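*Asks:* Pasting the sequence and the predicted model now:
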Protein chains: 2
Amino acid sequence: MGGVIDDERLARTGLARIAEPGDVALARLVQQNGAVEAWLAVSRGESGLPNQSGYLARLDGLDPSHDLDRLAGCDGRLVIPGDLEWPSQLDDLGLKAPVALFVRGLDLRRCVLRSVAVVGARAATSYGVSVAGDLAADLADRGWAVVSGGAYGIDAAAHRGALAAAGVTVAVLACGVDVAYPRGHTALLERIATEGVVVSELPPGCHPTKSRFLTRNRLIAALSRATVVVEAAHRSGALSTAAAARQLHRLVLAVPGPVTSPLSAGVHRLLRQFREETVLVTGADEIVEELGPLGSWAPDPVVAATPFDGLPPDVAATLEALPVRRPVDVVRLSSTAGLSADTVARALEQLRLLGLAVLDDRGWRLAEQSGAADT
Amino acid sequence: MGGVIDDERLARTGLARIAEPGDVALARLVQQNGAVEAWLAVSRGESGLPNQSGYLARLDGLDPSHDLDRLAGCDGRLVIPGDLEWPSQLDDLGLKAPVALFVRGLDLRRCVLRSVAVVGARAATSYGVSVAGDLAADLADRGWAVVSGGAYGIDAAAHRGALAAAGVTVAVLACGVDVAYPRGHTALLERIATEGVVVSELPPGCHPTKSRFLTRNRLIAALSRATVVVEAAHRSGALSTAAAARQLHRLVLAVPGPVTSPLSAGVHRLLRQFREETVLVTGADEIVEELGPLGSWAPDPVVAATPFDGLPPDVAATLEALPVRRPVDVVRLSSTAGLSADTVARALEQLRLLGLAVLDDRGWRLAEQSGAADT
């Protein structure tokens, strides 16, 4: 490790280790002075931040390069703002954006380009598990990645449904990406780390806490175009994900259930209390309908300077429609992108020249990760 | 039968017999020339209306006084516009208001002063039947009458739930009030005709038709302050009741169910398609909350000149809060009316002097029908 880039990566890893997620005071310091300066100030005890003594308590014996070694040991990589793999929609979080992300599996940014969060209760009913699994599989079939939190119940059903349909799923953890939590999901999380993405803003080895689950929920909401709540009791954490999505002006969708079920009570209250901002959905078709053919993240979708930005609209639309894993033909892409087959075919040639699209004997898909985002 | 009033009653009975419900051309003639002149013109074949030949086909052997005798034979009575018992909210239907109502049981106007329609599928599930019954019982407990259509499934569950809670229920039929349809509800309809109200715009002996079911639904919606749909398949008649309520600017409320249930599919579509105008509810408390303490029918609630109108607001509010059947004490009335106990006590004295409230050893209730609405 050496040079400016590596210093930035080490600094952000160190900051991720000493501060809790969503530390706004620290984020402001990073914004003002840069991560390297912020890290120097914090590690010397000179930051002047309200929680400086708390940071100091975690500095003893801390070596960010050790965290990065540990990350490499589980085939993980660090992703920081400015990397090609950094999902620019996280900028919507402002000062609550993560200082860094620790990632295992497929390219995070590409996977969440077209993604929907499916979240809900841990103590789900068989109804909720069945509905979440079907929704996720149907979303995967339509080319949407399924984001969730890796927990028991609805989260697991959503991840499994996407995997069963050979789709992409993203687990956003409240612990390190090498920590199997809950223990019963060791195999599931390993599978997601291979066929999908496991991501966390906490360095390797970190364990989950109640507050980390809550701060994690804002990442699920921010990464996804919409958050679907399948089952939630009155005080369910899934409602905090919905609240975060609402604050980010993301779509909040809710799947109703029997009014006699306490595990649907939180969903029904969501639909009543935030009637204007919450849409009832009963299946993947309705979710996709709400998302629109190529819904944009924000009023101005051009937020980061990467090869993805600055493309002509037709080419950008074709790029967005390209699947991450399973190749598709031009007719299917034309339907997904809402463009004529001729337009799509021309756009695909441009994307191939740019190294962004690949054609094999099964059809077209996104090119593999370009290597710009390794640690 | 003789004199002007009786001619009006005979004329409206005859018009109800020869025309189908919701005949706008005939209603316009009645509006312009009065019911007696309209009946004379129609029965002489001189109305000039588009359906005159259809009316003539039904005139052969028709004797309105025979219909009124038959009505008296089942303890029924005719209620026409201007009668104290005429529910003035029906005026919201404009030219689609019924030409007359045939009524058995308690005072119709008073029963529907505080009423909610609970409607849904005939082929209801056990979930829907259970929810509808509980809702109706809880509404009855809170002093609300339950209006429905007397059919199998949700309708029957709603009527039975209200009766089980010793509340008031109103069955609006698509046939004569002496016709037991469906046959399996003979005992239920007789019980409603005694403990509640059975009402129809069709003269005695008339049988239901598909179009009569649909036109009947507008009456259910118009009589009630809100329409609650409990279960409905995609093409359920209950959705036409909801549409009528929406057009009348009445509240439309919907009880969700499992997204896997075809009997909840119509309810969910209602909540999606008319999101702005449909409110999800899960219990009687939420229904009452939506209705408000003393919701009004229309921007200007004073629409008919009866002893009920022109009362000071506190007195009118107390009158509206009075139960039709089970007496209550001043504290309960005060809570229902949202007025202090002192104010309610003063209002009750005024209402007693007006002959509108009765006090017995169990508490206060509405006075019995004043006799102004007999045939």
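*Replies:* Looks like it arrived, so ask away.

*Asks:* which one is the residue most central in space within chain A nearest to, not counting chain neighbours?
*Replies:* Against the mean C-alpha coordinate of chain A, by CA atoms, centre = their mean, the closest residue is A:Leu223 at 3.9 Å. Excluding its sequence neighbours, the residue lying closest to A:Leu223 (CB to CB, 6 or more residues apart in numbering or on different chains) is A:Val112, at 4.7 Å. For glycine as for every other residue, the C-beta is placed from the backbone atoms N, C-alpha and C.

*Asks:* Which of the helices or strands spans the one you found?
*Replies:* Using DSSP states H and E, the element containing A:Val112 is helix A:108-113.

*Asks:* what helices or strands is that helix leaning on?
*Replies:* strand A:145-148, strand A:169-172, strand A:197-200 (3 or more CB pairs under 8 Å, 6 or more residues apart in numbering or on different chains; DSSP states H and E).

*Asks:* let's go with 7 Å and repeat that
*Replies:* Using 3 or more CB pairs under 7 Å, 6 or more residues apart in numbering or on different chains; DSSP states H and E as the contact test, the elements touching helix A:108-113 are strand A:145-148, strand A:197-200.

*Asks:* export the ones you listed to TSV and tack on mean neighbour count, distance to chain B and mean pLDDT?
*Replies:* Formatted as TSV, the helices and strands packed on helix A:108-113 follow (neighbours: other CB atoms under 10 Å in any protein chain shown; distance: least, CB to the nearest CB, whole Å; pLDDT from 0 to 100):
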stretch	mean neighbour count	distance to chain B	mean pLDDT
strand A:145-148	32	17	98
strand A:197-200	28	28	98
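
*Asks:* can I assume A:Tyr152 is in contact with A:Ala121?
*Replies:* No: counting by CB atoms under 7 Å, A:Tyr152 does not reach A:Ala121; the two are 9.1 Å apart.

*Asks:* Those two - which one has more neighbours?
*Replies:* Under the criterion of other CB atoms under 10 Å in any protein chain shown, the comparison of A:Tyr152 against A:Ala121 puts A:Ala121 first, with 28 against 15.

*Asks:* Would you double-check that the more buried one falls in a helix?
*Replies:* No: the assignment for A:Ala121 is coil, going by DSSP: H, G, I helix; E, B strand; the rest coil, so no helix is present there.

*Asks:* And the nearest residue to A:Val230 once chain neighbours are set aside, how far from chain B?
*Replies:* Nearest non-adjacent residue to A:Val230, counting by CB to CB, 6+ apart: A:Gly120, 3.9 Å away. Here A:Gly120 is placed at a distance of 13 Å from chain B (CB to the nearest CB, to the nearest Å).

*Asks:* Show me the strands in the stretch 1-150 of chain A, by range?
*Replies:* Under the criterion DSSP state E, counting those that start in this stretch, strands of the stretch 1-150 of chain A are mapped to A:76-79, A:101-105, A:115-119, A:145-148.

*Asks:* what would those look like in CSV with distance to A:Arg218?
*Replies:* Converted to CSV, the strands of the stretch 1-150 of chain A look like this (distance: least, CB to CB, whole Å):
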stretch, distance to A:Arg218
strand A:76-79, 17
strand A:101-105, 13
strand A:115-119, 11
strand A:145-148, 12
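
*Asks:* Can you show me the helices along the stretch 251-375 of chain A?
*Replies:* In the stretch 251-375 of chain A, helices defined by DSSP state H, counting those that start in this stretch lie at A:262-273, A:284-291, A:313-321, A:330-337, A:341-353, listed in chain order.

*Asks:* Other residues contacting the last one?
*Replies:* Spelled out, it's helix A:341-353. Surrounding helix A:341-353, the residues in contact under the criterion CB atoms under 7 Å, 6 or more residues apart in numbering or on different chains are A:314-315, A:318-319, A:330-331, A:333-334, A:337, A:357, A:359, A:364.

*Asks:* Send me that helix as PDB with only the CA atoms.
*Replies:* Extracted as PDB, the C-alpha positions of helix A:341-353 are listed here (Å, rounded to 0.1, in the frame of the first residue of the first chain):
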ATOM      1  CA  ALA A 341     -35.000  -3.400 -32.000                       C
ATOM      2  CA  ASP A 342     -33.000  -1.300 -34.600                       C
ATOM      3  CA  THR A 343     -32.200   1.300 -32.000                       C
ATOM      4  CA  VAL A 344     -31.200  -1.300 -29.400                       C
ATOM      5  CA  ALA A 345     -29.000  -3.100 -31.900                       C
ATOM      6  CA  ARG A 346     -27.100   0.100 -32.800                       C
ATOM      7  CA  ALA A 347     -26.700   1.000 -29.100                       C
ATOM      8  CA  LEU A 348     -25.400  -2.500 -28.300                       C
ATOM      9  CA  GLU A 349     -22.600  -2.100 -30.900                       C
ATOM     10  CA  GLN A 350     -21.600   1.200 -29.300                       C
ATOM     11  CA  LEU A 351     -21.600  -0.400 -25.800                       C
ATOM     12  CA  ARG A 352     -19.500  -3.300 -27.100                       C
ATOM     13  CA  LEU A 353     -17.000  -0.800 -28.500                       C
END
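
*Asks:* Mind checking the pLDDT average for that helix?
*Replies:* Regarding helix A:341-353, the rounded mean pLDDT is 85.

*Asks:* give me every residue that touches whichever residue of chain A sits closest to chain B.
*Replies:* Across chain A, the shortest distance to chain B (CB to the nearest CB) belongs to A:Pro256, at 3.5 Å. If a contact means CB under 7 Å, 6+ apart, then A:Pro256 has A:264, A:267-268, A:271, A:280, B:256, B:259, B:268 as its contacts.

*Asks:* how does it look with 8 Å?
*Replies:* A:264, A:267-268, A:271, A:280, A:282, B:256-257, B:259, B:264, B:268, B:271, B:280 (CB atoms under 8 Å, 6 or more residues apart in numbering or on different chains).

*Asks:* Save these as a markdown table, and put in distance to A:Val230 too.
*Replies:* As requested, the contacts of A:Pro256 are exported to a markdown table (distance: CB to CB, whole Å):
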| residue | distance to A:Val230 |
| --- | --- |
| A:Ser264 | 9 |
| A:Val267 | 8 |
| A:His268 | 13 |
| A:Leu271 | 13 |
| A:Leu280 | 12 |
| A:Thr282 | 11 |
| B:Pro256 | 13 |
| B:Gly257 | 15 |
| B:Val259 | 9 |
| B:Ser264 | 16 |
| B:His268 | 14 |
| B:Leu271 | 16 |
| B:Leu280 | 16 |
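
*Asks:* Narrow these to those that are buried.
*Replies:* A:264, A:267-268, A:271, A:280, A:282, B:256-257, B:259, B:264, B:268, B:271, B:280 (16 or more other CB atoms under 10 Å in any protein chain shown).

*Asks:* where along the stretch 51-200 of chain A do the helices fall?
*Replies:* A:52-59, A:64-73, A:108-113, A:126-141, A:154-164, A:186-195.

*Asks:* Would you tell me which one of those is buried the most?
*Replies:* Per-stretch averages of neighbours, counted by mean count of other CB atoms under 10 Å in any protein chain shown, single out helix A:154-164 among the helices of the stretch 51-200 of chain A, with a mean of 26.

*Asks:* Now do it, average pLDDT.
*Replies:* This predicted structure assigns helix A:154-164 an average pLDDT of 98.
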